[in-house]
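Trainee: Kindly return the folded structure for what I paste below:
(one chain, ligands or ions: 1)
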Amino acid sequence: MPIVYSFANGDALSSGLNEFVEKVSRDAIADHGHLSIAISGGSLPKILSKDLAHNKNVDFSKWHIFWADERCVSHTNADSNYLEVKKSLLDHIPQIRQENIYAIHEKFASEKDAERAAVDYEEQLKKFFKNQLPSFDLLLLGMGPDGHCCSLFPGHPLLEEKKRLVAPIFDSPKPPPERITLTYPVVNNSKLVVFVTAGDGKKDMVQQIIEQPEMDLPCQRVKPTNGQVYWFIDHAAAAKLRKESCSEYKL
Ligand SMILES: O=C(O)[C@H](O)[C@@H](O)[C@H](O)[C@H](O)COP(=O)(O)O
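Mentor: Now for the predicted structure:
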């Protein structure tokens with residue numbers, strides 16, 4: 001069962017998420033010397049970075065940063081999830097090592113060659129995870145208004161992908177159309193998955209995902225084999241949830 005934490009507002013949400021990520025980072029580094037994290041795009045990077053970018057208690061030199069999905073655009077394009085995370089987080093943290101930032105291949109992305117970008121990214125994953133099925137210490141996911149996560153959209157054949165670790169998509173209903181995305185074999189091998197979503201516009205979908213499991217929405221297919229799912233949301237996004245669906249946040 002997902003654990004849902006609801007926070008009074010965006011600032012409280014960023015603060016709670018910052019505390020949580022700091023602890024996950026500390027525990028992962030103590031356990032195996034590094035943190036492997038995959039981050040989504042959309043509004044998540046800003047929510048994540050507001051406090052985390054100034055957190056002096058995190059050993060960012062031990063972070064290995066990947067993306068849960070990425071648009072096939074140049075790293076300088078405003079649609080780039082890499083650029084969003086760079087601006088909101090990476091540029092504020094000198095301790096993060098360039099070689100530990102695993103972005104989509106610039107050439108393939110700029111050329112909108114989603115197939116080659118996906119193959120290349122899968123190679124990056126395989127190399128880091130030493131050819132074992134990738135298992136992120138922390139996977140940070142957003143939730144689209146249609147219940148999508150990563151670039152895994154309702155009714156899309158990619159939801160059934162079982163072999164590829166990273167897949168191309170050429171017809172994303174959320175622009176831009178060409179993207180690459182982690183697939184469920186990787187998503188569901190994560191140690192920890194945290195959905196981060198906020199705002200009144202998400203309240204209906206949050207209620208469906210948390211309280212109507214029969215919907216079979218992409219976010220509901222995130223069920224890590226050996227991992228826990230958390231939802232970090234604000235009260236606006238939690239407005240339609242029953243009281244008992246939420247837990248009291250405590251580290
Ligand atoms: O590349 C992307 O577009 C994202 O990774 C996508 O999965 C995003 O997380 C959701 O669409 C939620 O986006 P918002 O939080 O901005 O609604």
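
Trainee: Show me where the stretch 151-251 of the chain has its helices.
Mentor: Using DSSP state H, counting those that start in this stretch, the helices found in the stretch 151-251 of the chain span residues 184-187, 203-211.

Trainee: Now do the same contact list for residue 223.
Mentor: 188, 229 (C-beta atoms under 8 Å, 6 or more residues apart in numbering). The C-beta positions use only the backbone N, C-alpha and C, and glycine is treated the same way.

Trainee: follow-up on the earlier one: deepest of the helices of the stretch 151-251 of the chain, which one?
Mentor: Most buried of the helices of the stretch 151-251 of the chain, by mean neighbour count (mean count of other C-beta atoms under 10 Å): helix 184-187, with a mean of 21.

Trainee: The residue of the stretch 101-250 of the chain found nearest the ligand: what's it in contact with?
Mentor: Across the stretch 101-250 of the chain, the shortest distance to the ligand (C-beta to the nearest ligand atom) belongs to residue 142, at 2.3 Å. By C-beta under 8 Å, 6+ apart, residue 142 lies in contact with 40-44, 149, 195-197.

Trainee: Generate a PyMOL selection restricted to the buried subset of these.
Mentor: A single PyMOL command selects the buried members of those (16 or more other C-beta atoms under 10 Å):
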select buried, resi 40+41+42+43+44+149+195+196+197
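
Trainee: and the contacts of residue 142 near the ligand, which?
Mentor: Checking the contacts of residue 142 against the ligand by C-beta under 6 Å from any ligand atom, the ones in range are 40-44, 149, 197.

Trainee: Can you show me the strands along this structure?
Mentor: 3-7, 35-39, 63-67, 69-71, 138-141, 166-169, 179-182, 192-197, 228-234 (DSSP state E).

Trainee: Given the fifth one, what are its sheet partners and their directions?
Mentor: So the one you mean is strand 138-141. strand 35-39 (parallel), strand 192-197 (parallel) (DSSP bridges).

Trainee: In TSV, list those along with mean pLDDT.
Mentor: Output for those, formatted as TSV (pLDDT from 0 to 100):
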stretch	mean pLDDT
strand 35-39	98
strand 192-197	98
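
Trainee: Contact residues of this protein facing the ligand?
Mentor: 40-44, 68-69, 81, 142-144, 148-150, 174, 197.

Trainee: Mind checking which of the residues you listed are in helices?
Mentor: Of the residues of the chain next to the ligand, the ones assigned to helices by DSSP state H are 44, 81.

Trainee: Let me know the closest of the residues of the chain next to the ligand to residue 185.
Mentor: Nearest to residue 185 out of the residues of the chain next to the ligand is residue 150 (C-beta to C-beta; 12.2 Å).

Trainee: I'd say the closest one and residue 71 touch.
Mentor: No - with contact defined as C-beta atoms under 8 Å, residue 150 does not reach residue 71; the gap is 11.8 Å.

Trainee: any common contacting residues for the two?
Mentor: Here residue 150 and residue 71 have no joint contacts, going by C-beta under 8 Å, 6+ apart.

Trainee: report the longest helix in the chain, please.
Mentor: Secondary structure of the chain per DSSP H: the longest helix is helix 10-32.

Trainee: what angle sits between it and strand 192-197?
Mentor: 170 degrees (axes from the mean of the first three to the mean of the last three C-alpha atoms, to 10 degrees).
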